[in-house]
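Enquirer: Provide a 3D model corresponding to the input given below.
(chains A, B, C and D)
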Number of protein chains: 4
Amino acid sequence: MTLSRPSPQAPHALRDAFRTVRSASRELAAPLSPEDQCIQSMPDASPTKWHLAHTTWFFETVLLQPHADGYRAFDPRFQYLFNSYYEALGPRHPRPQRGLLTRPSIDEVHAYRAHVEAGVERLLDTVDDAAWATVEPILTLGLHHEQQHQELLLTDILHAFSCNPLLPAYRPAAAPALRLATVPPAMQWRAQPGGHVEVGHGGAGFAFDNETPRHRALLRPYAIADRLVSCGDYAQFIADGGYQRPELWLSDGWAAVQSQGWRAPAYWLAPDDPRLAFQGGGATGWQVFGLHGVRPMAPEAPVSQLSFYEAAAYAEWAGARLPTEFEWEAACADDGMTEMTGHVWQWTRSSYDPYPGFRPLPGVAAEYNGKFMVGQLVLRGGSVATPAGHTRPSYRNFFPPAARWQFSGLRLAKDL
Amino acid sequence: MTLSRPSPQAPHALRDAFRTVRSASRELAAPLSPEDQCIQSMPDASPTKWHLAHTTWFFETVLLQPHADGYRAFDPRFQYLFNSYYEALGPRHPRPQRGLLTRPSIDEVHAYRAHVEAGVERLLDTVDDAAWATVEPILTLGLHHEQQHQELLLTDILHAFSCNPLLPAYRPAAAPALRLATVPPAMQWRAQPGGHVEVGHGGAGFAFDNETPRHRALLRPYAIADRLVSCGDYAQFIADGGYQRPELWLSDGWAAVQSQGWRAPAYWLAPDDPRLAFQGGGATGWQVFGLHGVRPMAPEAPVSQLSFYEAAAYAEWAGARLPTEFEWEAACADDGMTEMTGHVWQWTRSSYDPYPGFRPLPGVAAEYNGKFMVGQLVLRGGSVATPAGHTRPSYRNFFPPAARWQFSGLRLAKDL
Amino acid sequence: MTLSRPSPQAPHALRDAFRTVRSASRELAAPLSPEDQCIQSMPDASPTKWHLAHTTWFFETVLLQPHADGYRAFDPRFQYLFNSYYEALGPRHPRPQRGLLTRPSIDEVHAYRAHVEAGVERLLDTVDDAAWATVEPILTLGLHHEQQHQELLLTDILHAFSCNPLLPAYRPAAAPALRLATVPPAMQWRAQPGGHVEVGHGGAGFAFDNETPRHRALLRPYAIADRLVSCGDYAQFIADGGYQRPELWLSDGWAAVQSQGWRAPAYWLAPDDPRLAFQGGGATGWQVFGLHGVRPMAPEAPVSQLSFYEAAAYAEWAGARLPTEFEWEAACADDGMTEMTGHVWQWTRSSYDPYPGFRPLPGVAAEYNGKFMVGQLVLRGGSVATPAGHTRPSYRNFFPPAARWQFSGLRLAKDL
Amino acid sequence: MTLSRPSPQAPHALRDAFRTVRSASRELAAPLSPEDQCIQSMPDASPTKWHLAHTTWFFETVLLQPHADGYRAFDPRFQYLFNSYYEALGPRHPRPQRGLLTRPSIDEVHAYRAHVEAGVERLLDTVDDAAWATVEPILTLGLHHEQQHQELLLTDILHAFSCNPLLPAYRPAAAPALRLATVPPAMQWRAQPGGHVEVGHGGAGFAFDNETPRHRALLRPYAIADRLVSCGDYAQFIADGGYQRPELWLSDGWAAVQSQGWRAPAYWLAPDDPRLAFQGGGATGWQVFGLHGVRPMAPEAPVSQLSFYEAAAYAEWAGARLPTEFEWEAACADDGMTEMTGHVWQWTRSSYDPYPGFRPLPGVAAEYNGKFMVGQLVLRGGSVATPAGHTRPSYRNFFPPAARWQFSGLRLAKDL
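Expert: Model prediction:
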């Protein structure tokens, strides 16, 4: 497998990155008990322990076994247990049953991590220049892969906790946040000229195959909001009957509203929610469940845990629309934009289709992105749960339109 | 409701079109018994009787009731029974239960049709020029709407018959077809320059809102097959293990293959299919069920009743890909292309997204197209079941990727 | 196959019975259009046409093919289409898809009936005494079998009509019924001594295998209501919150109430039911849908279309219980009992278990009753839809506890 | 709440029993990790931690809160979390989501247990004679309740482990079992006279309400097998095509065989089962998963993990039948019977109906048994997982006919 990119990093630089990324996964799991790390609250989510093991399996299977002489697998059964979806690598444990794997224990998974980490370090010690050209892109891919799972680890445990009527906090807030503003600044429209723009990844540095090839796209003039839609904005949509007005919704979205009983973002609790009795009571407005537990809805915070359907309905209600992924990407060049990353992933009005001339990675990694290019929508940006430095303007995240357990919100756009 | 188009047709021209279209629906239903016309074989399909009534309801509700003075509804209950999905027009009979409407009888539905047709004729007799500007686009839309249902009437009854182990013929073939060729001509790649192309509907004549606005798109150089993929081609894919090789499939497609047990196009019967015992037996190769009943697979005929997943897997197997909808549309200008319409709808590698600047029709017709723009794929061309003259190069048909009951096939493309 | 019974009837007597029963089926279907006769509104129900064909298939398959020399099957494909559940007779059309059989047409099914009837008449003309001993019990079984399907034909078409928002009447009432009483007579408890009672079928005349062998059972003293629970009685249960009080319900029953949203018997319409708008409106109390269409609830009429769960909850609410099947059977000897048959089937507190010493019929008919003896409850009596003369005190009808589309009600009992 | 029984035990005797039973639950959980104790592998099973908490909740809610002055609840939220199905005690956590309760942790549950145990001890220290008459039957019920959950704890964790492809052992066998016999002794029929027998609980000592009232039943002469059906016996049924022969099965059972793909008892592994690769491989015959992990099928051991459907089909194949629950109970008086308890629960041919004159317990405990009396079958005996001394000849266990995760097998009977 070769990932062609202009300037490979030196082994010592990647060794540091490797240690940093691997350590970050351990730290994310640290606040969780063995029980917390084992469960799976829905088929789309995975247990913490599984994330810790699967990211390790990726290094073992794609890097060490083909490229590290003398490497011995930690446990051959893990090949079956921790394969996610790679058909080329044989049968695997059914996704909806990942939460039933009480064995191996979390301690065994940490031993597995240590074993594979030692293997990678040894490879870094011994690799020669010729081999490095092959090894480096795989190792780099493995790091970005693990960072993706770090975000999923958080979104998945948050979903699991949301199913517990006690609504436990992943990491209690140290102190009541000092909130300087309780309303967001007024939203400003930023006019963009459109025309020919270059999109996709083309420069140095890592990118996933789905961001390539870089190519020209043709845009009409448009305007895009300088900030995200906030919780306060979204509360007005709810108060205005947003969830009761079919004319605002895509057909599938309206069907979801009715069949799933949606009335607010996934983790919002109305004041009469019975679970609030377990939180001490006394709530008077919307409460929002998050990594810090249940807290009063903060009007200035970006709205999160929205499906694409809700994002699109909000935009319709606001007399606007969602930006396309290329409009979003082109607006990155505008210094007046805020909240482009680090808050929530932003649903775009672009289906997750292949770019012109797209070719999947060779070898096993061919299954990484391409085979999911149907039935999903592109999100751009990055969230509070995304590891720092993981994303870039050309980064394409993707989820099905009904997904609501991600840190996903929106930004408005309109034609000019 | 106003549909802005450059040159409205005169009342007398539309009267002819109205009679022709209405009569065509009756003729399509003629070979069917009252029982045939009543049943619904799956939630996505509708009974013949329902199609006959719903197209009539459209004229009654959108044209006559708001615009024909003195018009009296045939039966106010039909407002509820024959609304398809228009939220703005109130509650409606649940889609999956359309087959339970043994009453009104088919005779009552024909009386309903006659009543509404008389109303339309009266409106055409009496409309003045001022009103005509409003009425003409609605009437035109109603005709195109009815033509769409004419195709669905055929695909839906064919699906219903496919669920009957006797596999009855909708219209038995008059005589064994004289088949001059039993292999298709060799496929030729037609090179296309790409660059800036104008796509979408812009000229005179009717088009649906989803084809607008006309706009420029930017294409890379590409090649596109001069003919459709044939049954003979597809049989090679099957024989080469196409349905057993996950690497050829999109992830959702492979899941469908396994959960649905797909082994061939929807209406192909393997020689050991037990239903062939009811057809006289003696089959030695693939048989294909169609409007003329069960007949031996014709290698030269375009393959049909394919899902998008199967079309994409075939293209992968063939070392090619599906064209995008704009590549397909641009290729219409190439005189060397064949089978562009009249055989099967052709899956493209384009999700059904709104065009830049898209605005739905005003009023009730806003729900016609726009609210379905998520989770579906665009098909281009037109099929044997499409009424003559109904389509054009800019026409966008759309279905979910797993849909297999349409006359849907594919044409290959590749990068240059 | 031999059904041992003391006194076989003579061929001429059975010929009359055969003609009468066969003619009754035709008459029951007469008010129905071909569309009405084709549809299947749920997997548990069957189309009218299927009932007409299946009862014919039974005579063809079990009587004529093995026992009538020279008989030629009407259409060998019907063996597959109209087998209900006889595993010994090979594969069959899936039960939930019976409503998709628009072909054969209803005319073909009537031709099938005529063909088989001619075959039976010919057999009756030619059978000798030796053969008659074999033929007679099968023919008799076929007649009782057809009578069972006559009742199902009515319950099933009524269910189908109940799914049509127009709520059509199977047979409109000739004139408003003259109702002498609008309240039932006060219910009286009839004390029964219990002790040893003989139950099951033991005398001359036909009975199904599940009624045998006749045997002694031991009962405690008990009291049983002299009449059925009426609609007026049941309305008090509803008004007293019967459907909101879990303590009245069996656990599975309460789960059904909640998951199915039960609020009244299956075919009762509350005054705010939107379907009443299609009935002319103006309703002020409970309305009940039945074979004569929608009519005001008649307090004196026996309540019907109840599940076992509802019957048991009503009895609990009334401070009583359901009788066991043997208590019911023993009470038949009490002349003070009324409404024992001809109104509704009466749920008992007896699971449908085999009698001590039960042996299924030999041959194909072994599958008639025995294989269903688990998970169902016994009903006794007979309903307005049961053909006259079809039942007897030992007759055991049976349905799963959630079944609500039968003419099923209850009578109270209590310990003494 | 009063449970009338002849001879209440003294407080000191119950204190010993209480300590013994509570300690036994802790010991059963001891081999399990916190992860093992948290998960729920299907809606019908519960996590170990939940069993530990729910049995504690029962003492807290039914005994301490109403009857122990000054008792303070450990955590009021547990009232919601650990209620199983008592409608009278308010809303509760949904059964299928018990496995999502990673919080409270297992340590907190043990603290809960200690808190409630201290409360019970204090009550025993202080209760006076008048109160004791009320308290004693509740405490006794709580102990039997906890013993029932001890068995479920084992069956449920075994099911959870059966879903892990590693098939971990709950408690590895100390050493290869010394097997003196590898075939069971020949089965002997024990003739029983039948006639009037007394059944149900009537003497001193505890019994559940569903075993009462004691009453006379009338039995025909019958024979019953002196031992259980063994694995070797059952393997012959499989080898003889038992799972492919519909004539052996009840209708619902055959449907389950086909829809669930049953081919052997729930925990049997065929030699080609891929999971055996994780066990070291080399298997040549049936392997059976159990509390000691995967071991070769022992022909002399009673067959276990059977549904009622399989038990009934086996009996049919063997030319016999299942005993009724009263036949089983009457045979307890025959000293020649073996394996009546301590091996597997034995499916009977008796539906779980109320006894004549049955009245549920008063108060909250009314929901203990009575509301489940429909749709289930009675099992008699007791299994390897049943706490010693927990059962008696009149004990009625019950499960739905498709349940396969219990230690459930069968014994044959026949008519004489």
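
Enquirer: report the contact partners of the closest residue to A:Arg295 other than its chain neighbours.
Expert: Once flanking residues are discounted, A:Arg295 sits nearest to A:Val288: 6.1 Å by C-beta to C-beta, 6 or more residues apart in numbering or on different chains. All C-beta atoms are positioned from the backbone trio N, CA, C, and that covers glycine. By C-beta atoms under 8 Å, 6 or more residues apart in numbering or on different chains, the contact set of A:Val288 is A:Cys231, A:Pro265, A:Tyr267, A:Trp268, A:Leu269, A:Val294, A:Arg295, A:Pro296, A:Met297, A:Ala298.

Enquirer: now swap in A:Ala73 and tell me
Expert: A:Glu60, A:Gln65, A:Gln79.

Enquirer: switch to 7 Å and redo it
Expert: Each residue near A:Ala73 by C-beta atoms under 7 Å, 6 or more residues apart in numbering or on different chains is listed here: A:Glu60, A:Gln65.

Enquirer: ditto for A:Gly253
Expert: So A:Gly253 contacts A:Tyr309, A:Ala312, A:Ala313 (C-beta under 7 Å, 6+ apart).

Enquirer: can you count the residues close to the first one?
Expert: When neighbours are defined as other C-beta atoms under 10 Å in any protein chain shown, A:Tyr309 has 25 of them.

Enquirer: could you look up the SS state of it?
Expert: helix (DSSP: H, G, I helix; E, B strand; the rest coil).

Enquirer: can I assume it is in contact with A:Leu250?
Expert: Yes. Using C-beta atoms under 7 Å, A:Tyr309 is in contact with A:Leu250, at 5.9 Å.

Enquirer: quick check: A:Lys414 is in a helix.
Expert: No. Counting by three-state DSSP, one finds A:Lys414 to be strand, located in no helix.

Enquirer: could you export the contacts of A:Val288 as CSV, including neighbour count and secondary structure?
Expert: Listed next are those as CSV, based on neighbours: other C-beta atoms under 10 Å in any protein chain shown; DSSP: H, G, I helix; E, B strand; the rest coil:
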residue, neighbour count, secondary structure
A:Cys231, 21, helix
A:Pro265, 23, coil
A:Tyr267, 19, coil
A:Trp268, 20, strand
A:Leu269, 20, strand
A:Val294, 20, strand
A:Arg295, 16, strand
A:Pro296, 12, strand
A:Met297, 19, coil
A:Ala298, 19, coil
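
Enquirer: and which of these is nearest to chain C?
Expert: For these, the closest approach to chain C (C-beta to the nearest C-beta) belongs to A:Leu269, at 23.2 Å.

Enquirer: surely that closest one touches A:Gln279?
Expert: No. Using C-beta under 7 Å, A:Leu269 is not in contact with A:Gln279; the gap is 8.6 Å.

Enquirer: wait, which of the contacts of A:Val288 is closest to B:His215?
Expert: Nearest to B:His215 among the contacts of A:Val288: A:Pro265, at 34.3 Å, using C-beta to C-beta.

Enquirer: now A:Thr348, nearest residue through space, not along the chain?
Expert: Closest to A:Thr348 by C-beta to C-beta, 6+ apart is A:Glu325, at 4.3 Å.

Enquirer: next, count neighbours for A:Thr155.
Expert: Neighbour count for A:Thr155, taken as other C-beta under 10 Å: 20.

Enquirer: what's around A:Pro400, how many residues?
Expert: By the criterion of other C-beta under 10 Å, A:Pro400 has 16 neighbours.

Enquirer: quick one: contacts for it?
Expert: Counted by C-beta under 7 Å, 6+ apart, A:Pro400 has contacts A:Gly375, A:Gln376.

Enquirer: gap between it and A:Ser394?
Expert: 22 Å (C-beta to C-beta, to the nearest Å).

Enquirer: ditto for A:Glu60
Expert: Relative to A:Ser394, and taking C-beta to C-beta, A:Glu60 is found at 29 Å.

Enquirer: and the two? Which one has more around it.
Expert: Between A:Glu60 and A:Ser394, counting by other C-beta under 10 Å, A:Glu60 is the more crowded of the two (25 against 21).

Enquirer: so which residues on chain A come close to chain C?
Expert: By C-beta under 7 Å from any C-beta of the partner chain, no residue of chain A approaches chain C.

Enquirer: low-confidence stretches in chain A?
Expert: For chain A, the stretches with pLDDT under 70 are A:1-8, A:175-181.

Enquirer: got the domain boundaries for chain A?
Expert: Annotated domains of chain A cover A:11-162, A:189-415 [automatic domain parsing].

Enquirer: what's the burial count for the residue in the stretch 251-400 of chain A positioned nearest to chain B?
Expert: Of all residues in the stretch 251-400 of chain A, the one sitting closest to chain B is A:Ser351 (3.2 Å; C-beta to the nearest C-beta). If you count neighbours by other C-beta under 10 Å, A:Ser351 ends up with 24.

Enquirer: A:Glu117 should be in a helix, yeah?
Expert: Yes. Counting by three-state DSSP, one finds A:Glu117 located in a helix.

Enquirer: which residues are in contact with it?
Expert: A:Arg22.

Enquirer: please repeat the previous calculation with a cut-off of 10 Å.
Expert: A:Phe18, A:Arg19, A:Arg22, A:Ser23, A:Thr56, A:Phe59 (C-beta atoms under 10 Å, 6 or more residues apart in numbering or on different chains).

Enquirer: spell out which residues of the stretch 251-400 of chain A are next to chain B.
Expert: A:251-254, A:308-309, A:312, A:316, A:321, A:324, A:327, A:349-354, A:356-359, A:366-367, A:370-377, A:400 (C-beta under 10 Å from any C-beta of the partner chain).

Enquirer: against which helices or strands is the strand ranked longest in chain A packed?
Expert: Secondary structure of chain A read by DSSP state E shows that its longest strand is strand A:345-351. Other elements packing on strand A:345-351 under the criterion 3 or more C-beta pairs under 10 Å, 6 or more residues apart in numbering or on different chains; DSSP states H and E are helix A:308-317, helix A:325-331, strand A:377-380, strand A:397-399, strand A:408-409, strand B:345-351.
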